[in-house]
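[1] here's my sequence, what's the structure:
(one chain, ligands or ions: 1)
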Amino acid sequence: MIRDRKIECMPRDELKKLQSERLCALVARMYDKVELFRMRMDELGLKPGDIKGVEDLDKLPFSYKKDLRDYYPYGLFAEPLENVSRIHASSGTTGKRIVVGYTQNDIDMWGECIARMLNGIGLGKDDIVQVSFGYGLFTGGFGLHSGCEKIGATVIPISSGNTALQIQTMIDFKATALCCTPSYAMYLGEEIERLGVKDQLKLKVGIFGAEPWTEDMRKKIEESLNIRAYDIYGLSEVMGPGVACECEYGQGMHIWEDNFIVEIIDPDTGKVLPEGSKGELVFTALTKEAFPLIRYRTRDICSLNTKPCPCGRTHIRMNKPSGRSDDMLIIRGVNVFPSQIEEAILQVSGSEITPNYQIIVDRVNNTDTLDINVEMSEKLFSDDIDVKAVDRLEKALVDKMRSTLGIGAKIHLVNPKTIARSEGKAKRVIDNRKF
Ligand code: DLL
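    Predicted coordinates for the structure are as follows:
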């Protein structure tokens, strides 16, 4: 099924009119249904009628990741749970997850956004798409899945992990497209080369996202898998994958502006920046029913490309995000906050370890690694050091990290006072990866 590209190629003045109508309706609905939004509007002395269109957007209050934590789990939903068909979640700055919900219409809209991309890069009902993003609370797997179903493709919902099985499956099931994180795609490429099975692949394209990646990585992946590699962006709070997607030209990701309004702001002052500037991406989700958001601060640093795209789509493009203005790390596609690690250490630590720690992230053989050095206490580190106690502690920390972060970490108990102290902010994270 090839999509009607009318909305994707809508003249910009019509798009703006549509956004304005949708924004006014959204503000009225959220004022009525979401207590936090109503409180913030009241604090600013604003009523829904004061917002006449997108030109009034910057009068509206921002929303933040912290709001999702404070109103955990359902406090920001604009629909009663009986209308919510699905829940997804991702890690928040502390142990508490952030929770998002979707009505059936939201899931349809999400599938539509992804379907636009899939058709745009030449996929259709004859394609077999291996979705190697995680299925579960993470939005990657199910998000891509609904788009594939919409275009009538055949989906292989293999989820993430088990590299040998991934490779065997893509060969045996004749997958023509692969969806996963770019770092996993690099690893798959390397394994495929090692096994010498590249000529057995039927892959044409890959759709990669959920973490930053460079043009160099794109080239490497394209060569090792013999495909065209495309970028997809999104975040759970705003929807999941597909908020923005590359088209066949692969020169920036079109933000589906009939569903999302994008702004670039100065992360320090909150002021909207002039066209073309680099700053923090802020999204308003215009059409989501269960969990709409107004002016959500993504913390992703990025710039927009307002030039017309050769594909004819009129929706604005975003360049690759170049970093984040907070300390969130993305390790093997999983969001990790240093504060989660600290909390986990504090929960395990008795008198045997100290809260001095350092997080080292690296990329070895194209896979992200996470090592955590934790200082032993003087008590544990004595002449008759209790090796069994050290082993037991290391194991307890490994287990705790896995259950808290959802990924494995190597723990190294190091001697007292060996982690450098700082007079200012502690340098807790050393990220040696090159994006
Ligand atoms: O990562 C959703 C997703 C799944 C996107 C699959 C693409 C493909 P979260 O776990 O909530 O959601 O993480 C969102 O990941 O704020 C960015 O910092 C980062 N991110 C996502 N896509 C890209 C990308 C999913 N293409 C956070 N390039 C976002 C760079 C990305 N960073």
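[2] what does the protein put close to the ligand?
    Within the chain, the positions lying close to the ligand (Cβ under 6 Å from any ligand atom) are 90, 133, 139-140, 209-212, 231-236, 240-241, 298, 300, 320-321, 324, 330, 335. Any C-beta I mention is one placed from the backbone N, CA and C, and that applies to glycine too.
[3] residue contacts, the residue lying closest to residue 76 once chain neighbours are set aside?
    Nearest residue to residue 76, sequence neighbours excluded (Cβ to Cβ, 6 or more residues apart in numbering): residue 34, at 5.8 Å. Listed by Cβ atoms under 8 Å, 6 or more residues apart in numbering, the contact set of residue 34 reads 76-78, 292.
[4] and residue 34, what pLDDT?
    Confidence at residue 34, expressed as pLDDT, is 98.
[5] now the one 10 residues further on
    pLDDT recorded at residue 44 is 98.
[6] same check on residue 108?
    97.
[7] repeat that for residue 349.
    Taking residue 349 on its own, its pLDDT is 69.
[8] same check, this time on the one 10 residues further on
    Residue 359 is assigned a predicted lDDT (pLDDT) of 95.
[9] swap in residue 323?
    81.
[10] check residue 243 too.
    We have a pLDDT of 98 for residue 243.
[11] so what's the residue in the chain that the ligand sits nearest to up against?
    For the chain, the residue closest to the ligand is residue 209, as judged by Cβ to the nearest ligand atom, at 3.1 Å. Neighbouring residues of residue 209 by Cβ under 8 Å, 6+ apart: 181-182, 231-234, 241.
[12] do that again at 6 Å, thanks
    Contact analysis of residue 209 by Cβ atoms under 6 Å, 6 or more residues apart in numbering lists 231-233, 241.
[13] also residue 252?
    305, 317, 319.
[14] tell me which of those fall in strands.
    Residues of those located in strands (DSSP state E): 305, 317.
[15] for the contacts of residue 252, which single residue is the most surrounded?
    Highest neighbour count within the contacts of residue 252: residue 317, with 23 neighbours (other Cβ atoms under 10 Å).
[16] just confirm it contacts residue 306, I think it does.
    No - in this structure, residue 317 is not within contact of residue 306 by Cβ atoms under 6 Å, at 8.1 Å.
[17] check which helix or strand residue 346 maps to.
    Element membership for residue 346 (DSSP states H and E) is helix 338-348.
[18] and the contacts of the lengthiest helix in the chain?
    If you go by DSSP state H, the chain has its longest helix at helix 12-33. Contacts of helix 12-33 with the rest of the structure, by Cβ under 6 Å, 6+ apart, involve 37-38, 41, 48, 51, 53-54, 78, 257-258, 261, 286, 292, 314.
[19] where do the strands sit along the stretch 201-350 of the chain?
    205-209, 228-235, 240-246, 253-255, 260-265, 278-285, 296-305, 317-318, 323-324, 329-331, 334-336 (DSSP state E, counting those that start in this stretch).
[20] so which of those strands is the most packed in?
    strand 240-246 (a mean of 27; mean count of other Cβ atoms under 10 Å).
[21] now do that strand: distance to the chain's middle.
    10 Å (Cα atoms, centre = their mean, to the nearest Å).
[22] repeat for stretch 197-204
    28 Å.
[23] quick check on residue 407: phi, psi?
    phi -140, psi 160 (degrees, to the nearest 10).
[24] so what are the domain limits for the protein?
    1-322, 329-431 (automatic domain parsing).
[25] compare these and say which comes out lowest on pLDDT.
    domain 329-431 (a mean of 85).
[26] where's residue 372, which helix or strand?
    Residue 372 belongs to strand 367-376, assigned by DSSP H and E.
[27] and the angle for that strand with helix 338-348?
    40 degrees (axes from the mean of the first three to the mean of the last three Cα atoms, to 10 degrees).
[28] just the buried residues of strand 367-376, please?
    The neighbour-count check on strand 367-376 (16 or more other Cβ atoms under 10 Å) flags 368-370, 372-376 as buried.
[29] what lines up beside it in the sheet?
    The strands beside strand 367-376 in its sheet (DSSP bridges) come out as strand 353-364 (antiparallel), strand 410-414 (parallel).
[30] of the domains of the chain, which stretch is the most buried?
    domain 1-322 (a mean of 19).
[31] off-centre distance for that one?
    A distance of 8 Å separates the centroid of the chain from that of domain 1-322, by Cα atoms, centre = their mean.
[32] and what of stretch 379-391?
    Its chain's C-alpha centre and that of stretch 379-391 lie 41 Å apart, by Cα atoms, centre = their mean.
[33] nearest residue to residue 134 other than its sequence neighbours?
    residue 160 (4.3 Å).
[34] and the helix holding residue 346, how far from the chain's centre?
    Using Cα atoms, centre = their mean, the offset of helix 338-348 from its chain centre is 22 Å.
[35] give the bridge partners for the closest residue to residue 410 other than its chain neighbours, please.
    Of all residues not flanking residue 410 in the chain, residue 371 sits nearest, at 4.7 Å (Cβ to Cβ, 6+ apart). On the basis of DSSP bridges, residue 371 is bridged to residue 360, residue 410.
[36] next up, the contacts around residue 142.
    residue 135.
[37] recalculate using a threshold of 8 Å.
    Residue 142 makes contacts with 86, 88, 135, 240, as judged by Cβ under 8 Å, 6+ apart.
[38] residue 106 now?
    85, 239, 288-291.
[39] which of those sit farthest apart?
    85 and 239 (14.2 Å; Cβ to Cβ).
[40] would you format the strands paired with strand 367-376 as a markdown table with distance to residue 117 included?
    Formatted as a markdown table, the strands paired with strand 367-376 follow (distance: least, Cβ to Cβ, whole Å):
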| stretch | distance to residue 117 |
| --- | --- |
| strand 353-364 | 27 |
| strand 410-414 | 37 |
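[41] closest one to residue 380 among these?
    Taking Cβ to Cβ, strand 353-364 is the member of those nearest to residue 380, at 7.2 Å.
[42] so what touches that closest one?
    So strand 353-364 is contacted by 183, 329, 331, 338, 341-342, 345-346, 349, 368-377, 380, 393, 413, 416, 419, 421, 427-434 (Cβ under 8 Å, 6+ apart).
[43] redo the strands of the stretch 201-350 of the chain as CSV? Include distance to residue 113.
    Shown next, in CSV, are these (distance: least, Cβ to Cβ, whole Å):
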stretch, distance to residue 113
strand 205-209, 13
strand 228-235, 9
strand 240-246, 4
strand 253-255, 10
strand 260-265, 9
strand 278-285, 11
strand 296-305, 16
strand 317-318, 14
strand 323-324, 23
strand 329-331, 21
strand 334-336, 21
